[in-house]
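Engineer: got a predicted structure plus its sequence, pasted below:
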Amino acid sequence: MAAQQRRTKILATLGPATDAPGVLEAIVAAGVDVVRLNFSHGSGADHAARVERVRAAAQAVGREVGILGDLQGPKIRIERFAIGKVALKAGEPFSLHARADAPPGDASGVGVSYLGLVNDIAPGDVLLLDDGLVSLRVDAIEGDSIRTTVLNDGFLSDRKGLNRLGGGLSLDALSDKDREDIRLAAELGVDFIAVSFCRSAADIEEARRLAREAGSQAHLVAKIERAEAIEALGEIIDASDVVMVARGDLGVEIGDAELPGLQKKIIRESLDRGRVVITATQMLQSMVDSPIPTRAEVLDVANAVIDGTDAVMLSAETAAGSYPLKAVEAMVRICLGAERQFEHDTDFESAPRGLKFSDQAIALAAMYLTEHIEVRAILALTESGGTARHLSRFRSSAPIYGLSRHAPARRRMAMMRGVFPIDFDSRGEPPRQAARHAIAELYALRLLAERDRVLITSGDHMEHLGATNTLRLLNVGADGAAEGLGEM
């Protein structure tokens, strides 16, 4: 029996831990599908060196590995303390100073990076620092100072993040640094650009415009981490190519009790609207310091897989943890285990109606057939990867092989659940010959065997984007020859 193919994709954040000799190469070989460059840290030269190493590692193991550039976004932070760290006690006063010349902080107060904070809050608001570890109740606003009361004991150190419970802070999604980093992302040739703290479709559209002006064709990732983004969820999903459930700041703003239900909602709506979706933040957090995950973390990852997420992401676990390779290996095991419990049946009664494009209709027809006849695999001959994405929105037991001559398209398909990118060039071949060529290619790779039945999606004009309009049913004959050619 052939080994189980993992369908859920794994993202790994790069950092000091993966810069150690051999570590990046090891995690790519272990199964990382996409790597994340965190533009909140490191220089352009650091990121360029990592891109070069990723491309070399992927080539060495013969896999397609995408690269995601994650913009820092307008995260509000407190400034620095005179002694680096202070202890706060519940019930004591603490002030936030929203001015550029604020002195180094101490146990009585500290500066904040966002000078307009005084205009966005009111007495009675609760401010959450360091991912909610410290809570402050706003008592009064006096000029450029915010007087608060500490609600719980805790330690506070330099440059920790600040959120308002319930959201409502008015910073733009793209800072000047983000605009510079979009240009950097274009120079580096990243495959995905993630927009942090987006609030509306306009934020994604602006980032897309800036990326295209810089010469990048990267897919745009909307990070859902603001309370306001939940109110505009549908329009944000529609404006993006990929959606990320960024559970850190989102959980701080909306409260941890609301987070599980919202995660499921975001995954479901992203899939329903035909978008790729990532589940991220603290998935195996204990593995920053431990070689094995907790049972709660195993269940967390498995539930996201069972809910249909395309990808799961590792952050500090691989960027700065003590066991980056073990974290990737654990993620691989958990995904495979969850997928063995996964129900592949698709409810075609709830499938989208009124499809606008032929490739969507072909994808739906292909998945309908896989539910009613035994099919070993689906081969999507694609220029951009769009047909493979449409296919991957449906649950099926058949793997989807995305065959494209374009390396960026193959790397984007590396993010799609159940899609396995293959380098394939059919230029100059008529569609039927291209279909036979594709079967022979996968037979040579030992991905197909004699007597396998396959579905092939393609277009009459193979070199045109969005031209998929044909579905063929074929049998694999001796030596990989195609037999019983059928067309629908």
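Structural biologist: It's in.
Engineer: only C-alpha atoms from now on, for both contacts and neighbour counts.
Structural biologist: OK.
Engineer: which of the residues in stretch 58-65 are buried?
Structural biologist: Neighbour counts using 16 or more other CA atoms under 10 Å place 58, 63-65 of stretch 58-65 among the buried residues.
Engineer: just want the most central residue of the chain.
Structural biologist: For the chain, the residue whose C-alpha lies nearest the mean C-alpha position (CA atoms, centre = their mean) is Ile278; its distance is 3.8 Å.
Engineer: wait, doesn't that residue sit right on Leu314?
Structural biologist: No: using CA atoms under 8 Å, Ile278 is not in contact with Leu314, being 10.8 Å away.
Engineer: overlap in contacts of those two?
Structural biologist: Counting by CA atoms under 8 Å, 6 or more residues apart in numbering, no residue touches both Ile278 and Leu314.
Engineer: picking up where we left off before, against Ile236, how distant is the residue nearest to the centre of the chain?
Structural biologist: Going from Ile278 to Ile236 by CA to CA, to the nearest Å gives 15 Å.
Engineer: swap in Glu253?
Structural biologist: Glu253 sits 18 Å away from Ile236, going by CA to CA.
Engineer: Ala398 now?
Structural biologist: Between Ala398 and Ile236 the computed distance is 30 Å (CA to CA).
Engineer: the more surrounded of those two?
Structural biologist: Higher neighbour count among Ala398 and Ile236: Ile236, with 27 against 20, using other CA atoms under 10 Å.
Engineer: nearest residue to the more buried one in space, please, no chain neighbours.
Structural biologist: With CA to CA, 6 or more residues apart in numbering as the criterion, Ile236 has its nearest non-adjacent residue at 4.5 Å, and that residue is Ala201.
Engineer: isn't that neighbour right next to Glu231, touching?
Structural biologist: No: if you go by CA under 8 Å, Ala201 and Glu231 don't touch, sitting 11.5 Å apart.
Engineer: quick one: which of the two has more around it?
Structural biologist: Set Ala201 next to Glu231 and count neighbours by other CA under 10 Å: Ala201 wins out with 19 against 12.
Engineer: which residues touch Asp19?
Structural biologist: The contact partners of Asp19, by CA under 8 Å, 6+ apart, come to Arg50.
Engineer: going forward, begin numbering at 379 instead of 1
Structural biologist: New numbering, starting at 379: the last item is Asp397.
Engineer: return the residues in contact with the residue nearest to the centre of the chain.
Structural biologist: 620-623, 687-691.
Engineer: which of those sits closest to Ala755?
Structural biologist: Asp688 (18.6 Å; CA to CA).
Engineer: the closest residue to that closest one other than its chain neighbours: neighbour count?
Structural biologist: Spatial nearest neighbour of Asp688, chain neighbours left out: Arg795 (4.5 Å); criterion: CA to CA, 6+ apart. By other CA under 10 Å, the residues close to Arg795 number 28.
Engineer: Ile461 too?
Structural biologist: The burial count assigned to Ile461 is 12, neighbours taken as other CA under 10 Å.
Engineer: go on, Glu636?
Structural biologist: Glu636 is flanked by 12 other residues according to other CA under 10 Å.
Engineer: how much space between Thr696 and Ile445?
Structural biologist: When distance is defined by CA to CA, Thr696 is 15 Å away from Ile445.
Engineer: for Ile800, list the residues it contacts.
Structural biologist: Contacts of Ile800 by CA under 8 Å, 6+ apart are 779-782, 788.
Engineer: still on that earlier bit, so what's the residue nearest to the centre of the chain bridging to?
Structural biologist: Met622, Ala689 (DSSP bridges).
Engineer: same question, Asn541
Structural biologist: Leu506.
Engineer: can I assume it is in contact with Val630?
Structural biologist: Yes: in this structure, Asn541 is within contact of Val630 by CA under 8 Å, at 7.1 Å.
Engineer: check the contact lists of those two and give me the overlap.
Structural biologist: Common contact partners of Asn541 and Val630 (CA under 8 Å, 6+ apart): 506, 509.
Engineer: can you count the residues close to the residue nearest to Arg831 when sequence neighbours are not counted?
Structural biologist: With sequence-adjacent residues excluded and distances taken as CA to CA, 6+ apart, Arg831 is closest to Asn853, at 4.4 Å. By the measure other CA under 10 Å, the count of residues near Asn853 is 22.
Engineer: which strand or helix spans Asn853?
Structural biologist: Taking DSSP states H and E as the criterion, Asn853 maps to strand 846-854.
Engineer: how distant is that strand from the center of its chain?
Structural biologist: Its chain's C-alpha centre and that of strand 846-854 lie 31 Å apart, by CA atoms, centre = their mean, to the nearest Å.
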